[in-house]
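Enquirer: build me a model:
(2 chains)
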Amino acid sequence: MPANGAPIFAPWDDPDAKPLIRFENVTKRFGDFTAIDNLTLDIYEREFFALLGPSGCGKTTMMRMLAGFETPTEGKIFVGGQDMGPIAPNQRPVNMMFQSYALFPHLSVYENIAFGLRRDGKPKDEIHHRVEEMLRMVRLQKFAKRKPHQISGGQRQRVALARSLAKEPKLLLLDEPLGALDAKLREDTQFELMDIQEKTGTTFVIVTHDQEEAMTVASRIAVMDEGKVMQVSTPDRIYEFPDNAYVADFIGDVNLIEGRSSAAIDETVQIEWAEGQQAITAQTQRPIAAGQKVFYAIRPEKVTISPDRPADAVNAAQGKILDIAYLGNLSTYHVQLPTGQVIKSQMANTRRISRRPYTWEDQVWVSWTKTGGSVLEG
Amino acid sequence: MRRFSWFNLTSLTLGFAFLYLPMLILVIYSFNESKLVTVWAGFSTKWYGELMQNEAFLDAAWVTLRVAVISSTIATVLGTMAAHVMVRGGRFFGRTLFSGMIYAPLVMPEVITGLSLLLLFIGIGLDRGVLTIVLAHTTFSMCYVSVVVSSRLVSFDKSLEEAALDLGCTPFQAFRLVTLPIIMPAVISGWLLAFTLSLDDLVIASFTAGPSATTLPIKIFSSVRLGVSPEINALSTIMIGIVTVGVITTSIISKRNIARAEADARAAERT
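Expert: Numbers count the residues shown, from 1 in each chain, chains lettered A, B, ... in the order given. Take a look at the predicted model:
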């Protein structure tokens, strides 16, 4: 906890915190296919939790099990300490926003939002009050009487959100909520989602395959692959301190170098990675044994490119520029070393393009610091 | 305006003549003054008047209408339920057998359906009358409804039902409040189909009708064997008229619906 300001929201670091959701050794099989493989995971109250992974990794199955549309083959799911096994979808304190939005086409925007409240048999004016409040929240008061097909995609998305939040669920599930929106609208909506999550204090679990989206909105991310959680952590830790090569490669761009490590001395290892190349000096807290096969992962923006070998560089290699990808604000240089290995280096374009110092076939040096990358067990 | 070639014009004329000439002749002769069906003796509407006096025909018409309404309604309820289970039930034990059995009556010869129903009714000692015709018609028209409704359900977004469950509906409420209103057009066309099938069924009705109740097709068929009377021409003309009005109304309604949906879609694009 920082000494000066407000406490940081990090219940996952607090050993006394009780999770809102607990997956306990959950396995889900569809016939011979194992969608979820013995998975254990805690999600805390007020979290904005992202399940991130390629399609078919089991993230949607996890969400559908939380909503009650699928039952685990083995293991248990708890919400607020209660075993969800025997509880039907309509009895759960959970609401879901569907990828297709699943708005009822025969009902108006108002009636869509009121739908869940009416099922609870709440008094009429209470329902009216709540629906008005929801319409205000998503700024759709003017569209209350419209049918879903009479409004735009972005508006439909907001109706779906309002409908799923109207019953004040303990937990809101969002299945690829921004998938159908175009890039600009998506960015605005991400911030709107975070804002609404903060205001309502609801726990959000979002399923997405878009890593940028997960990084932007989530308090923590679970990176999944083939029914397993590869890493659960905050976005910055996932990016800067990946647990394994899969996570390093899946999140953002990375240079992965395979090599053999020396034993760690003072948290520092030497990695032999290619004939005639200087060993990589890297810092790590993992207990690495001498001669162990490792991956060294370093992000392109942590690799500096220079015409001469920087005098103080711990790690450096010479090569020639193979390719330049110009992205406007950034340029990515693909530098080929004499070993054939290509190292990507990303530099901010602080000067106009006509003044760019490097071009194709230039001989350059790439260099990085001792703490720039991660040593991952292979 | 496009001009037709001679070839197009000929095929068009022949095609429509083939389809509608018999009916046209029937309609024309229903206004014949003469009692002889084949001899034209001037225009008259007297056979329509006589038809209104014919108790036997009116009774048969009333029975037919009652049977059609009741049987198509029951068939629609059962057929919709069957379609819902088949499309939504997932893979359960005996699913293939059940779905095959639902569709079998579609290809079953009517004579066999009629005969087996007759044997059943005799076996359980049920007197033949309106009830037995209703049961028989429900049996065979149910599978038509089921086919129409399941083709709609297949294209129905399953997440709509899940959303209803998620918002607190029981499975039955989800069906009643979400699924049913959305598939309603298919349910109505299923009902109309069952209604029409029941209206013009002759074979199955003749097996299951008794002395106490005769349907119009049976009545017409049996009177024609004693010679075609102009009254039957008049009756048939009325039936053609009803069907024509029905078809035109349905197509106007569906055209309007399409136009409205298109207008809504354009409105959505503008916002």
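Enquirer: which strands and helices sit next to the helix or strand where residue B:259 lies?
Expert: Here residue B:259 sits within helix B:230-270, counting by DSSP states H and E. Using 3 or more CB pairs under 8 Å, 6 or more residues apart in numbering or on different chains; DSSP states H and E, the elements in contact with helix B:230-270 are helix B:6-30, helix B:46-53, helix B:216-225. Placement of C-beta: from N, CA and C, glycine included.
Enquirer: deepest-packed of those, please.
Expert: Ranked by mean neighbour count, the helices and strands packed on helix B:230-270 are led by helix B:216-225 with a mean of 16 (mean count of other CB atoms under 10 Å in any protein chain shown).
Enquirer: and that one, what's its mean pLDDT?
Expert: What helix B:216-225 shows for mean pLDDT is 87.
Enquirer: quick one: distance of stretch B:187-200 to the chain centre.
Expert: 3 Å (CA atoms, centre = their mean, to the nearest Å).
Enquirer: now do the buried residues in that stretch.
Expert: For stretch B:187-200, a neighbour-count test (16 or more other CB atoms under 10 Å in any protein chain shown) marks B:187, B:189, B:190, B:191, B:192, B:193, B:194, B:195, B:196, B:197, B:198, B:199 as buried.
Enquirer: doesn't the fifth one lie inside a strand?
Expert: No: applying DSSP: H, G, I helix; E, B strand; the rest coil, one finds residue B:192 to be helix, outside a strand.
Enquirer: contacting residues for it?
Expert: Residues near residue B:192 by CB atoms under 8 Å, 6 or more residues apart in numbering or on different chains: B:72, B:250.
Enquirer: read off the pLDDT value for it.
Expert: Listed pLDDT for residue B:192 reads 87.
Enquirer: spatially central residue for chain A, please.
Expert: residue A:214 (3.3 Å; CA atoms, centre = their mean).
Enquirer: any idea how far that residue is from residue B:221?
Expert: Distance from residue A:214 to residue B:221, counting by CB to CB, to the nearest Å: 73 Å.
Enquirer: who in the stretch 1-150 of chain A is up against chain B?
Expert: By CB under 8 Å from any CB of the partner chain, the part of the stretch 1-150 of chain A that sits against chain B consists of A:67-69, A:88-90, A:94-96, A:98-100, A:102, A:104-106, A:115-116, A:119-120, A:147, A:149-150.
Enquirer: so residue A:288 makes contact with residue A:270?
Expert: No: counting by CB atoms under 8 Å, residue A:288 stays clear of residue A:270, with 10.3 Å between them.
Enquirer: ok so, going back, so of the residues of the stretch 1-150 of chain A next to chain B, which ones are in helices?
Expert: Secondary structure of those is defined by DSSP state H; positions in helices are A:67, A:115, A:116, A:119.
Enquirer: okay if I get these as JSON lines plus pLDDT?
Expert: Output for those, formatted as JSON lines (pLDDT from 0 to 100):
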{"residue": "A:67", "pLDDT": "93"}
{"residue": "A:115", "pLDDT": "96"}
{"residue": "A:116", "pLDDT": "94"}
{"residue": "A:119", "pLDDT": "92"}
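Enquirer: what's near enough to touch residue B:129?
Expert: Contacts for residue B:129 were tallied using CB under 8 Å, 6+ apart; they are B:209, B:210, B:212, B:213.
Enquirer: state the pLDDT value of it.
Expert: At residue B:129, pLDDT is 88.
Enquirer: the one 4 residues further on too?
Expert: Model confidence at residue B:133, expressed as pLDDT, equals 94.
Enquirer: phi first, then psi, for it.
Expert: Main-chain torsions, residue B:133, degrees, to the nearest 10: phi -70, psi -40.
Enquirer: that one: what's it in contact with?
Expert: So residue B:133 contacts B:63, B:67, B:71, B:205, B:208, B:209, B:213, B:215 (CB under 8 Å, 6+ apart).
Enquirer: which one of the residues you listed is nearest to residue A:24?
Expert: In terms of CB to CB, no member of these lies closer to residue A:24 than residue B:71, at 54.6 Å.
Enquirer: residue contacts, that closest one?
Expert: When contacts are counted by CB under 8 Å, 6+ apart, residue B:71 touches B:133, B:134, B:135, B:137, B:138, B:141, B:194, B:198.
Enquirer: and it, how close does it get to chain A?
Expert: Noted for residue B:71: a distance of 28 Å to chain A, by CB to the nearest CB, to the nearest Å.
Enquirer: pLDDT score for the spatially closest residue to that residue that is not a sequence neighbour?
Expert: The shortest distance from residue B:71 to any non-neighbouring residue, by CB to CB, 6 or more residues apart in numbering or on different chains, is to residue B:137 (3.7 Å). Looking at residue B:137, its pLDDT is 94.
Enquirer: contacts only, for residue 194.
Expert: Assuming you mean chain A. A:48, A:216, A:217.
Enquirer: hmm, no, I was thinking of chain B.
Expert: Contact analysis of residue B:194 by CB under 8 Å, 6+ apart lists B:71, B:72, B:75, B:76, B:79, B:137, B:141, B:142, B:144, B:145.
Enquirer: would you mind checking the average pLDDT for the longest helix that chain A contains?
Expert: For chain A, the longest helix by residue count, based on DSSP H, is helix A:183-200. Helix A:183-200 shows an average pLDDT of 88 in the prediction.
Enquirer: low pLDDT regions in chain B?
Expert: Along chain B, segments meeting pLDDT under 70 span B:1-2, B:261, B:264-271.
Enquirer: centroid-nearest residue for it?
Expert: Most central in chain B under CA atoms, centre = their mean is residue B:196, positioned 2.0 Å from the mean C-alpha point.
Enquirer: separation between that one and residue B:71?
Expert: Relative to residue B:71, and taking CB to CB, residue B:196 is found at 12 Å.
Enquirer: how about the residues of the stretch 151-300 of chain A by chain B?
Expert: So the stretch 151-300 of chain A meets chain B at A:151, A:152, A:155, A:163, A:164, A:167 (CB under 8 Å from any CB).
Enquirer: dump the residues you listed to JSON lines, plus secondary structure and neighbour count.
Expert: Compiled in JSON lines, those are given as follows (DSSP: H, G, I helix; E, B strand; the rest coil; neighbours: other CB atoms under 10 Å in any protein chain shown):
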{"residue": "A:151", "secondary structure": "coil", "neighbour count": "20"}
{"residue": "A:152", "secondary structure": "coil", "neighbour count": "15"}
{"residue": "A:155", "secondary structure": "helix", "neighbour count": "20"}
{"residue": "A:163", "secondary structure": "helix", "neighbour count": "31"}
{"residue": "A:164", "secondary structure": "helix", "neighbour count": "27"}
{"residue": "A:167", "secondary structure": "coil", "neighbour count": "20"}
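Enquirer: for the residue of the stretch 151-300 of chain A found nearest chain B, give me the pLDDT.
Expert: Of all residues in the stretch 151-300 of chain A, the one sitting closest to chain B is residue A:152 (5.0 Å; CB to the nearest CB). If you check residue A:152, the pLDDT there is 89.
Enquirer: go on, residue A:223?
Expert: Residue A:223 carries a pLDDT value of 95.
Enquirer: wasn't it part of a helix?
Expert: No: according to three-state DSSP, residue A:223 belongs to no helix; its state is strand.
Enquirer: that one against residue A:251, yeah?
Expert: Yes: if you go by CB under 8 Å, residue A:223 and residue A:251 touch, sitting 6.8 Å apart.
Enquirer: residue A:250 - nearest residue in space that isn't next to it in sequence?
Expert: For residue A:250, the closest residue by CB to CB, 6+ apart turns out to be residue A:223, at 6.1 Å.
Enquirer: residue contacts, the one you found?
Expert: Counting by CB under 8 Å, 6+ apart, residue A:223 makes contact with A:52, A:53, A:229, A:230, A:231, A:232, A:238, A:246, A:247, A:250, A:251.
Enquirer: just give me the closest of the residues you listed to residue B:54.
Expert: Closest approach to residue B:54 among these (CB to CB): residue A:53, at 76.5 Å.
Enquirer: for the stretch 1-150 of chain B, which residue gets nearest to chain A?
Expert: residue B:91 (10.0 Å).
Enquirer: that'll do, ta.
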